[in-house]
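*Asks:* sequence plus predicted model, see below.
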Amino acid sequence: MDYKKIVADAVFKAIDGQVATEDIYSKIEKPKIAKNGDLSFPAFILAKEMHKAPQMIAQDIVANIASDDFEKVEAAGPYVNFFLSKGVVSSDVIKDVLTKKEHFGDNHNGDDQVVTIDMSSPNIAKPMSMGHLRSTVIGNSIAKILTKNGYKPVKDNHLGDWGTQFGKLITAYLKWGNEDDVRRDPIHYLVQYYIRFHKEDIEHPEYDDEARVWFKKLEDGDPEAVKLWKWFRDVSLEAFNQTYKKLGVEFDTYNGESFYNDKLQDVVDTLKKDNLLEISQGASVVDLSDENLNPALILKTDGASLYVTRDIATAIYRDKTYHPVMNLYAVGSEQTYYFKQLKAVLKKMGLKSASGLHHIPFGLITVNGKKLSTRHGNIILLNEVLDESVKIAKQQIVEKNPTLADKDKVANEVGVGAIIFGDLKNSRIDSIDFNVQEQLKFEGETGPYVQYANARSQSILRKAQDIEIKADGNSLSDEDSWEIIKLLQSFPDVVKRANEEFEPSVIAKYSLKLAKSFNKYYAHTRILSEDNELGARLALVQSISIVLTESLRLLGVKAPKEM
């Protein structure tokens, strides 16, 4: 039920239709303080039309409203506060949740339109560190939220599999590498070679020259360079996919930078044809002064391409292949200016989807206040963090519930879920200082706290499995139940807002509120008491579990039924 519409219709009738229902509807709001009702209408917007003081209009509206949908209607200065009938609303909301189940909150706003998401994008021959977590889980959650809002996301893992770093890596491998070592533990040794290169090239600048030569050989298709590059790429993808499997993240395409090598000349030719390419100090640029931006550097003085050249080629390819309504880039906030330039160039080129390009920025992830850097050897491997988290979760489960079946499965769902939730509960623009012990607490704003609330609800339902669950919520009028009902009712709006803001934390924070309200209800109510309200209480508990499970799913987190 759309209770805002019910309020709007009631106000419309009370003022004899002097203002359109749509205008009334748009002004209805939820009071910030619960004692001021469930919905509120500001009467001062009618003052000019009705030639009366807002306070008088509010009083007149209250006097002319008669409806079973409201327990009471009060005037508070210029506001008309509506208190919904708890029993009626409870019944409607619970029926809606139990009927739609996991599809509660779905909408068709996206109209099956495609949205591409550039996400994760680790560099080949480097391990996935904690620094890769954010783009991966933020992009994955946004894809799930988009689907729930009726869009068709395409998750593109735009691998960093090209560039001068491969000249450095090939040089390092040929100087210090050992094939047996790399075959035994590829990522570990490749990273060590890369780190050593950056340490030694300080005293040996000629190494940089060698690296440039090897990358030029790679670009020219030299057999030895290409063989090493393909080997580095294959072993890296194997390692990446182990981590993605643990996170439960899948992709629709892995088109890395190398995929666009043969498409770069078309970019340059198109820019020239459209008279967009200019020469500045020997380099080729696109002037963006009309957008108050610095020129976009397309080709260096030696004719070499840059990131923006490849990203233009990528955007053109996605536009032709997927016809997206939006192109999302889940990339750190330090690249904000770059994406303004990219969007400006694409708009000048007349790319159809250019206006739908959105940078989805996020803050840094640090550990003990230190920024992570592969080059300087300050790496914390994501794989190791996930394994450690699962290990700690297993220890907690053994201590708290030693008879639990499927301990390993639950430990994995709790441990991995804690890491994902610990990231997504924060507004993505905020930076995070990571602490695995804090993420795994069963109290406070953590994934395990929400998971445990759901497991508790499932435990109640198992104990009452022979009792009929009734969606009749007319008897659920106590304050604790009402707090939950209002949260359940708001879930569809939460789903829409998370989509509009590209913000998974909207879902995470909602799930924490719902879990907290359920735990309060559990503490104050004898849910399994055998009385006339038992069926309705169980229906409420089942509704809570459905929405908690779906909220966690939208974040990419599992919801174990036992913990």
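*Replies:* Received the coordinates, thanks.

*Asks:* what helix or strand is the closest residue to Ser85 other than its chain neighbours on?
*Replies:* Leaving aside its chain neighbours, Ser85 sits nearest to Glu71 (5.3 Å; criterion: Cβ to Cβ, 6 or more residues apart in numbering). For every residue, glycine as well, the C-beta is placed using N, CA and C. For Glu71, the element it lies in under DSSP states H and E is strand 70-76.

*Asks:* where does the protein have low pLDDT?
*Replies:* Within the chain, the stretches with pLDDT under 70 are 368, 370, 372-378, 472-475.

*Asks:* domain-wise, how is it divided?
*Replies:* 3-84, 163-254 (automatic domain parsing).

*Asks:* between the two ends of the first one, how far is it?
*Replies:* Which is domain 3-84. 8 Å (Cα to Cα, to the nearest Å).

*Asks:* re earlier: could I get the domains of the chain in TSV, plus columns for mean neighbour count and distance to Gln465?
*Replies:* Formatted as TSV, those follow (neighbours: other Cβ atoms under 10 Å; distance: least, Cβ to Cβ, whole Å):
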stretch	mean neighbour count	distance to Gln465
domain 3-84	17	32
domain 163-254	17	29
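
*Asks:* now render those as JSON lines, adding distance to Lys496.
*Replies:* Formatted as JSON lines, the domains of the chain follow (distance: least, Cβ to Cβ, whole Å):
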{"stretch": "domain 3-84", "distance to Lys496": "14"}
{"stretch": "domain 163-254", "distance to Lys496": "24"}
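
*Asks:* closest one to Arg318 among those domains?
*Replies:* Of all the domains of the chain, it is domain 163-254 that lies closest to Arg318, at 9.4 Å by Cβ to Cβ.

*Asks:* chain center to that closest one, what's the gap?
*Replies:* Relative to its parent chain, domain 163-254 has a centroid offset of 31 Å by Cα atoms, centre = their mean, to the nearest Å.

*Asks:* before we move on, the earlier item: how about residues contacting the strand holding Glu71?
*Replies:* Applying Cβ atoms under 8 Å, 6 or more residues apart in numbering, the contact partners of strand 70-76 are 10, 36-37, 55, 58-59, 61-62, 65, 80-86.

*Asks:* now it, how far from the centre of its chain.
*Replies:* That offset, for strand 70-76, works out to 39 Å (Cα atoms, centre = their mean).

*Asks:* can you check stretch 430-446 too?
*Replies:* 17 Å.

*Asks:* in stretch 556-563, what's buried?
*Replies:* Residues of stretch 556-563 classed as buried by neighbour count (16 or more other Cβ atoms under 10 Å): 556-560, 563.

*Asks:* and for stretch 351-368?
*Replies:* 351, 353-354, 356-363, 365-367.

*Asks:* now tabulate the residues you listed in CSV and tack on distance to Ile279 and secondary structure.
*Replies:* Shown next, in CSV, are those (distance: Cβ to Cβ, whole Å; DSSP: H, G, I helix; E, B strand; the rest coil):
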residue, distance to Ile279, secondary structure
Leu351, 23, coil
Ser353, 29, coil
Ala354, 24, helix
Gly356, 31, helix
Leu357, 27, strand
His358, 32, strand
His359, 29, strand
Ile360, 34, strand
Pro361, 32, coil
Phe362, 36, coil
Gly363, 38, coil
Ile365, 41, strand
Thr366, 42, strand
Val367, 45, strand
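
*Asks:* identify the residues contacting stretch 95-106?
*Replies:* With Cβ under 8 Å, 6+ apart as the test, stretch 95-106 has contacts from 1, 148, 150, 469, 471, 473, 488, 491-492, 494-495, 539, 542-543, 546-547, 549-550, 553.

*Asks:* same check, this time on stretch 464-481
*Replies:* Here stretch 464-481 has contacts from 86-95, 98-99, 482, 485, 517, 520-521, 524-525, 528, 532-540, 542, using Cβ under 8 Å, 6+ apart.

*Asks:* so the residue lying closest to Ser305 once chain neighbours are set aside is in which element?
*Replies:* Distances taken as Cβ to Cβ, 6+ apart put Leu264 closest to Ser305, at 5.1 Å, once the chain neighbours are dropped. Using DSSP H and E, Leu264 falls within helix 264-273.

*Asks:* now Asp16
*Replies:* With DSSP H and E as criterion, Asp16 is part of no helix or strand.

*Asks:* and Leu554, by the same measure?
*Replies:* Leu554 is part of helix 534-555 when elements are defined by DSSP H and E.
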